Every structure is written in C-alpha cells, then in structure tokens.
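sharing a model prediction with you, sequence too.
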Amino acid sequence: MSKKNIALLAGGYTGEYEVSINSAKNIAANLDAEKYNVYTILINRDRWFFQSDGEAVDVDKNDFSLTLNGSKILFDSAFITIHGTPGEDGKIQGYLDMLGIPYNTCDATTSAITMNKAYTKALVQGVPNLHAAKSVKLFKSDMHDVGTIAAALKFPLFVKPNNGGSSVGMSKVHSVAELPAALEKAFHEDSQILVEEFIKGREFSQGIARLNGKLVVLPATEIISSKEFFDYEAKYTPGVTQEITPADLPAEKNKIIADILTEVYLRLNCRGMVRIDFILDEQTGDFYFIEVNTTPGQSANSLIPQQVRAAGMSVQEFYGNIVEGSF
C-alpha cells in the first residue's frame, strides 16, 4: 500500500500562532509514519511554506503542491490545525474545496458560522435540554447606550468579541459603570461583540468526533479556574487552571450531555473532531451552551488528547481515524 501525503497546516494570523505550532508537533508525532508522509506547512500572512533541511520551500497555491529536490508533491488530504483565522473560519476550507482536496475539519460554511458566537447560538436554539444565556449583539458602527443594555440584561454580564477564535478581549462586568471600558476592550478585538448574562456554575469542555463513520462522544473535562473566568491568561498560564478529565459527573448527566453534543454536531453539520464548551448552572442543573471549537488545540496536554487517553484510545489511532475520515 502506498503511503499517503498529508499536508499538516499550522500557524495562522492570530495570537494563537504558537499554540497551533505545538498542536502540529503533537499531531505529526502521532501520525503513523508507515501510512503517511506528513509535511508541516506553516501559514502566515506573507507566505505558505515547508521547512526542508533548514530551508523554506514555498507552496504553489495554484494546485497546493510542493516541489522538493526537483520532484513535485501533491497532497491526498490536509490536516488543518490552525486556531482562528484562516483555518478555523472556513477560508482555507473554501480554498481546498475549490481544488478538490479533502481535509479533516468542518466544511467552509460550518467553520464560518461556528466562528460567530451569535449565529451559532441562533442555530442551536431549540436543541432539547440545551439553554443559552440571554444576550445582546452589538456592532462597532452603532451607537451603544449602556442604559438600554443594562435594562435588557441582568448583571453580572460577560462582554466578549463575537469572533470565536480566542479568549482575548473578554471582561466580566458587575455594574453599568464598568460597561463602557469593557465594550471598548472587546471592540478592540472585533467589530461585533456579544454582551450576555453570566451563568454561574461548573464549566466543561468536551470533544465529539466521527470515528470509523460513528459519532463518538469523548469524556468531559471540567475546567476549574482560580480566576474569575477562563480567559487567555487562565488558558495558557500554568497553575491558574485545573483540568479534570474525566469530569466528575453522574451517569444520567453524562447521558443528557452526550445527546446534546450529538444533536449540536449533527445540526451544525460538523465533521471530524470538534470540542463543545458548556456550563452546568449551579442553581438549576441546566446545561448552557458556550461555543463550538472546530479546530481544537492538539498539543500533548490539550483537552482532546487528554479526553482520548481517558477514553482508553491511543492518540495515534485517533488521529489516524480523523485522517481516514477526511477521504
């Protein structure tokens, strides 16, 4: 059996560039070398290139190929592990679609929609047992009357960029007086923002993937942060956040959550592996939707690899399944 050529796409245009590089290293180390030739291609605003023996070789974007030592390499599939734009928002997916090259993630439409928190919330509305925090969406070009916002929603509020890539630009606000600064901070990151009611409860993040044609819900991870909420610092500073995999949840809760995750995955037409973040309201025990992550982090300690190991699967077999599922 001839080996397949896999283009592992990493980098991107956001602050999570380094996180993406770490994801790619872990994926490359865990793809079966007997089945796949893996080429890590770095994508940034200036160029798309492959490091070969210390030298950068540019990708020919006409047919998404590399020429190494005089021979042209075409790819059987792309494994996208870019967090944020252009790998999580559908742009790379649209390019690969036009060339007829399969890839591991959701399609261009689903990737673009799930990057937008407000649109995603609208689409998962009505999933049985799933709730969404009450929210208001604001555009930078509009006038923002804090009095109107304060009248529509109950404090404390979360102010966050609508663009779903990372946790930068978020604030938790306890009073009207704090709103203007929080709006400004979020608008610094995005031209659309979301102001939503804060749901107090336990926070979880859980993977779901199509493996050998079947949907498999991975064990949940509970995220316990010593900060007031899980922001960029809490995410990437050692010791600020505890991650417990598998989460301590009763069997009947796990069953309800698995059903919700499956319905969200199908309704949004997801592909490959995604991670869904949610909160269990401490008062009601209801499940509140936060967001869907369509290119979740894959460094060795990231949540999905933790969950794969907790499910008793090998990470190598898992990634192999994801690649095979792309064909």
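Good, I have the coordinates. Numbers count the residues shown, from 1 in each chain.

worst-scoring helix or strand of this protein, pLDDT-wise?
Across the helices and strands of the chain, mean pLDDT, DSSP states H and E gives its lowest value to helix 232-236, namely a mean of 55.

pairing partners for the helix or strand just after that helix, with directions?
Where DSSP states H and E defines the elements, the next helix or strand beyond helix 232-236 is strand 241-244. Strand 241-244 has its sheet partners listed here by DSSP bridges as strand 221-225 (antiparallel).

what sits closest to Ile260 if chain neighbours are left out?
Closest residue to Ile260 apart from its sequence neighbours, by C-beta to C-beta, 6 or more residues apart in numbering: Leu130 at 5.1 Å. Using the backbone N, CA and C atoms, a C-beta is placed for each residue, glycine as well.

and the closest residue to Leu211 other than its chain neighbours, what does it touch?
Excluding its sequence neighbours, the residue lying closest to Leu211 (C-beta to C-beta, 6+ apart) is Asn321, at 4.5 Å. Residues near Asn321 by C-beta atoms under 8 Å, 6 or more residues apart in numbering: Ala209, Leu211, Asn212.

quick one: which of those has the most company?
The member of the contacts of Asn321 that has the most neighbours, counting by other C-beta atoms under 10 Å, is Ala209 with 25 neighbours.

need the three-state assignment for that one.
Secondary structure, DSSP: H, G, I helix; E, B strand; the rest coil: Ala209 is strand.

tell me the contacts of it?
Applying C-beta under 8 Å, 6+ apart, one finds that Ala209 lies in contact with Leu215, Val216, Leu218, Gly272, Met273, Val274, Phe318, Asn321, Ile322.

count the residues that sit near the fifth one.
Which is Met273. Here the count is done by other C-beta under 10 Å, and Met273 has 29 residues near it.

who is it paired with across the strands?
Taking DSSP bridges, one finds Ala209 as the beta-bridge partners of Met273.

how near is it to Pro86?
With the distance defined as C-beta to C-beta, to the nearest Å, Met273 ends up 19 Å from Pro86.

how close does the residue nearest to Leu211 sit to Val216?
For Asn321, the distance to Val216 - C-beta to C-beta - is 9 Å.

tell me the phi and psi of Asn37?
When quoted as degrees, to the nearest 10, the phi and psi of Asn37 stand at phi -100, psi 110.

and it, bridged to which residues?
Beta-bridge pairing for Asn37 (DSSP bridges): Asn5.

contact partners for it?
Asn37 is in contact with Lys3, Lys4, Asn5, Ile6, counting by C-beta under 8 Å, 6+ apart.

re the thing from before, name the nearest of the contacts of Ala209 relative to Leu66.
When the contacts of Ala209 are compared for distance to Leu66 (C-beta to C-beta), Ile322 comes out closest, at 22.1 Å.

and that closest one, helix, strand or coil?
Look at Ile322: counting by three-state DSSP, its state is helix.

and the end-to-end length of stretch 295-307?
Distance between the two ends of stretch 295-307: 15 Å, counting by C-alpha to C-alpha, to the nearest Å.

next: stretch 109-118.
Start and end residues of stretch 109-118 are separated by 15 Å (C-alpha to C-alpha).

ok, now stretch 196-214?
The distance separating the two terminal residues of stretch 196-214, taken as C-alpha to C-alpha, comes to 35 Å.

and that stretch, what's its mean pLDDT?
Along stretch 196-214, the predicted confidence averages to a pLDDT of 94.

and what of stretch 221-229?
Averaged over stretch 221-229, pLDDT sits at 78.

try stretch 30-48
For stretch 30-48, mean pLDDT is 96.

so for it, what gets flagged as buried?
Within stretch 30-48, the residues that qualify as buried are Asn30, Leu31, Tyr36, Val38, Tyr39, Thr40, Ile41, Leu42, Ile43, Trp48, counting by 16 or more other C-beta atoms under 10 Å.
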